[in-house]
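Engineer: I would like to see how this sequence folds:
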Amino acid sequence: MTQPLSGTRVLIVEDDAIIAINASDMLEEIGCRTAAIAATVDEALKRAGDTEFDIALLDLNLKDEDSLPVARRLRDDGKPFIFATGYTGLPSGSGFTDAMMISKPYRIDQLAAMLARAMAD
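Structural biologist: The predicted structure is shown next:
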């Protein structure tokens, strides 16, 4: 039986290299592929324009900036995304109150379920 997420290409936006590698390993284990990894907003915006991917996993806080500009770009492009954060929600007035969010640290089963839900919407 084919996994429902098999072959799904994921853009990872994460400023912590260890977390990015762990996320990539989890994705591979559930049948997804890492399309690219970006650690800054500028890099993520470039990857959003030049990389083929199906969904993005966005760390909300990237050192001294947040990933909201990337989320806006993805929303405008019609690309699904999931915020990942160790905090309790998005900044007020972000415009993403209905966005999908996974709490860090997350487990592989949580990531798989969230990706499946986001890809089904």
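
Engineer: ranges for the helices of this protein?
Structural biologist: Listed in chain order, the helices of the chain (DSSP state H) span residues 17-29, 41-50, 68-77, 108-120.

Engineer: mind putting these in TSV, distance to P4 included?
Structural biologist: C-beta here means a position set from N, CA and C on the backbone, and glycine is covered the same way. TSV is the format used below for those (distance: least, Cβ to Cβ, whole Å):
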stretch	distance to P4
helix 17-29	14
helix 41-50	24
helix 68-77	21
helix 108-120	6
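
Engineer: export the ones you listed to JSON lines and tack on mean pLDDT, distance to D98 and mean neighbour count?
Structural biologist: Compiled in JSON lines, the helices of the chain are given as follows (pLDDT from 0 to 100; distance: least, Cβ to Cβ, whole Å; neighbours: other Cβ atoms under 10 Å):
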{"stretch": "helix 17-29", "mean pLDDT": "97", "distance to D98": "23", "mean neighbour count": "16"}
{"stretch": "helix 41-50", "mean pLDDT": "98", "distance to D98": "20", "mean neighbour count": "17"}
{"stretch": "helix 68-77", "mean pLDDT": "97", "distance to D98": "11", "mean neighbour count": "17"}
{"stretch": "helix 108-120", "mean pLDDT": "95", "distance to D98": "12", "mean neighbour count": "16"}
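
Engineer: out of these, the one nearest A84 is which?
Structural biologist: Taking Cβ to Cβ, helix 17-29 is the member of the helices of the chain nearest to A84, at 7.9 Å.

Engineer: run through who's touching the closest one.
Structural biologist: Contact partners of helix 17-29, identified using Cβ atoms under 8 Å, 6 or more residues apart in numbering, comprise 10, 12, 14, 33-34, 37, 39, 57, 59, 84, 104, 108, 111.

Engineer: circling back: so which of the helices of the chain gets nearest F96?
Structural biologist: helix 68-77 (6.0 Å).
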